[in-house]
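Engineer: coordinates only, sequence not included:
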C-alpha cells in the first residue's frame with residue numbers, strides 16, 4: 001500500500017543535462033544509498049538523523065530519513081531535486097556531484113518525496129518518480145506544514161528535512177511474516193554497520209547522532225530506537241615499542257599526500273573493528289581514503305598490490321584534501337576511488353615512518369602475519385581439519401588453535417540407514433553427518449561440500465579428543481552414544497516444529 005502525501009499543487013519539467021537521468025544510481029546498494037542521504041543531512045548541519053522503516057501489516061512499505069538540519073526553502077529544494085544542478089559546496093561538505101539525493105533514492109524506490117522547513121521560509125515539498133525523473137511536482141505548503149507537525153518524530157521543530165521513499169523496488173516482496181521480520185533485522189544490522197564505518201569519525205566526535213527505528217503506519221507507533229555506533233577500522237591498542245602506526249608522506253606535484261600506515265596486532269584480530277561487518281580480515285586490508293572525515297573507500301590496494309592473506313593486517317588511512325581531488329576519481333556512490341597514475345606513483349615512492357618505503361611496509365606486514373601463525377600462544381589444541389571446510393574456515397582454525405600431530409579429520413556427508421545424526425569413524429578419520437538431515441542442518445537445497453560451517457565446527461570442538469588415540473574405549477563410546485541421543489532428539493524436535501509451521505501455513 002502506498003504512503004500518501006500532501007496535495008499536489010503544480011507539476012513542471014526541469015530538464016537535466018543529457019544522458020544523466022537514465023544512468024544514475026545503477027551501482028548503489030541499499031547501504032550506500034542511505035549513506036548518501038546522510039551526507040546531505042550532515043551538509044545541512046544536522047546533528048541528529050533518524051532512519052525510519054515504514055511497516056504496514058508486517059510488511060515494509062517505505063522509508064523516511066529525518067534530520068534536524070537547516071532545511072530548504074522552495075528554491076533550494078528545486079535545486080536539490082534537479083538532476084546535475086551542481087551547487088557550490090561549502091568547505092568541508094560531503095556532497096560532490098549534485099546527484100546524491102535523486103540517484104540514491106530512485107535506485108531503490110519509484111517515488112521520492114522531500115518535505116523541508118527552513119527558518120524564515122514557508123515549508124516546501126517536492127515529488128519526483130522513477131518513470132519521469134525530470135518532472136518535479138510541487139506539494140501544497142500548508143499540507144507540508146501539517147505533515148511535518150504530525151509525522152511522529154521529535155526532530156523537526158523550526159527546521160529540518162524528511163526524505164521519503166515510496167513504492168520501494170528493492171525491499172522484500174514476500175508476505176511471510178517470518179521472512180519480513182528476518183529481512184528487516186538483516187537490513188537494519190547491515191545499514192547500521194555500514195553507517196557506523198563510513199561516518200565513524202563524525203559519530204565518535206559527536207558531530208552527528210544517527211538512529212534507526214521501525215514505524216507502524218497503521219498504529220502510528222515506532223518501535224525501539226537503535227543508535228548507530230562508530231566502527232573505527234583502526235581501533236586497536238598499539239603494541240609497546242612497535243614501529244606502527246607510522247606516518248606516510250609522499251610528494252604529488254606541488255601537493256603532499258599524508259596518511260598513517262597501520263599493522264593490526266594479530267592478537268586483536270577478533271574485534272569487530274578488524275572484521276568489519278563480519279568480513280574476513282583479508283577483505284579489509286588496503287587503503288582507507290577519507291574526504292572531510294567521511295570514509296570513501298573501505299580497503300583495497302588500487303592496483304598497487306593485490307589482496308592476499310599475507311597482508312590481512314595491513315591498513316593505510318589517507319585523507320583526500322582539496323588539492324588532491326584533481327588526482328582522483330570518485331564514483332557517484334562514494335564507495336571507492338580510482339587513483340590517477342601520478343597519485344599511484346607518489347604512493348609507490350612514499351616514505352613511511354621516516355625511512356621505509358611502501359614495499360618495506362608491505363613486507364613487514366606480511367612478516368607479522370607469518371610470525372603470528374608460528375608464535376601466537378594457542379588457548380586449545382584440536383585435531384587438524386581436512387575436507388568439509390572452506391579455505392576461510394581452515395585459515396580461521398589455523399590462526400586460533402593449535403593442532404595435534406595425530407593427523408587430519410574430515411567432516412563429510414553420507415547416507416546413513418540409522419536415525420543417528422552422525423558417526424565417528426576412526427579408521428577413515430571422518431565425522432560422518434547423516435545426509436537425511438542435510439536440509440535441516442545446512443539449509444534447503446544445500447549440496448556444497450563446505451556447507452554448514454557452524455555445525456561442523458561445533459562437532460569438531462566436541463569430538464576432537466576422540467581422534468587423538470587409535471581406538472575408542474568404553475567411556476568414549478558411552479559419551480558418543482549420549483551425544484547421538486541428545487542430537488537425535490534435537491533433530492526430531494526441529495522436524496516436528498517445521499511440520500507444525502507447514503501445517504499452520506496450510507490452514508491459512
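Structural biologist: Yep, that arrived. Predicted, not measured: the structure shown is a model, and the values here were computed from it.
Engineer: what separation do you get for residue 264 and residue 193?
Structural biologist: Separation of residue 264 from residue 193 (C-beta to C-beta, to the nearest Å) stands at 18 Å. C-betas here are computed from N, CA, C, even on glycine.
Engineer: with neighbour numbers in mind, choose between these two.
Structural biologist: residue 264 (26 against 18; other C-beta atoms under 10 Å).
Engineer: what's the neighbour count on residue 486?
Structural biologist: By the criterion of other C-beta under 10 Å, residue 486 has 11 neighbours.
Engineer: ramachandran angles for it?
Structural biologist: With angles defined as degrees, to the nearest 10, residue 486 sits at phi -70, psi -40.
Engineer: which residues in the stretch 51-200 of the chain form strands?
Structural biologist: Secondary structure of the stretch 51-200 of the chain, counting by DSSP state E, counting those that start in this stretch: strands at 59-67, 109-117, 124-129, 135-139, 160-168.
Engineer: wait, which of those is closest to residue 240?
Structural biologist: Distance to residue 240, taken as C-beta to C-beta, is lowest for strand 59-67 among those, at 43.4 Å.
Engineer: in its sheet, what does the closest one sit against?
Structural biologist: Take DSSP bridges as the rule and strand 59-67 pairs in its sheet with strand 48-56 (antiparallel), strand 160-168 (antiparallel).
Engineer: quick one: contacts of the first one?
Structural biologist: Read it as strand 48-56. 1, 3, 34, 38, 41-42, 60-68, 153, 155, 184, 187-188, 191, 208-218, 222, 225 (C-beta atoms under 8 Å, 6 or more residues apart in numbering).
Engineer: could you rerun that using 7 Å?
Structural biologist: Identification of contacts with strand 48-56 by C-beta atoms under 7 Å, 6 or more residues apart in numbering yields 1, 3, 34, 38, 41, 60-68, 153, 155, 184, 191, 208-218.
Engineer: filter those down to the buried ones and hand me the PyMOL line.
Structural biologist: Per 16 or more other C-beta atoms under 10 Å, the buried members of those correspond to this PyMOL selection:
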select buried, resi 3+34+38+41+60+61+62+63+64+65+66+67+68+153+155+184+191+208+210+211+212+214+215
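Engineer: the contacts of strand 48-56 in helices, which ones?
Structural biologist: Of the positions in the contacts of strand 48-56, 34, 38, 41, 184, 191 sit in helices, assigned by DSSP state H.
Engineer: so what's the third one up against?
Structural biologist: With contacts taken as C-beta under 7 Å, 6+ apart, residue 41 has the following neighbours: 49, 67, 69.
Engineer: at 10 Å instead, please
Structural biologist: For residue 41, the contact set (C-beta atoms under 10 Å, 6 or more residues apart in numbering) comprises 47-50, 65-70, 94, 160-161, 163, 208, 210.
Engineer: thinking again about what came up before, can you add pLDDT and distance to residue 423 and give the ones in helices among the contacts of strand 48-56 back as CSV?
Structural biologist: CSV is the format used below for the ones in helices among the contacts of strand 48-56 (pLDDT from 0 to 100; distance: C-beta to C-beta, whole Å):
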residue, pLDDT, distance to residue 423
34, 95, 48
38, 96, 53
41, 96, 58
184, 92, 40
191, 95, 44
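Engineer: can you lay out the strands paired with strand 59-67 as CSV showing mean pLDDT?
Structural biologist: As requested, the strands paired with strand 59-67 are exported to CSV (pLDDT from 0 to 100):
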stretch, mean pLDDT
strand 48-56, 95
strand 160-168, 95
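Engineer: and of these, who's closest to residue 80?
Structural biologist: Among these, strand 160-168 comes nearest to residue 80, with 9.0 Å by C-beta to C-beta.
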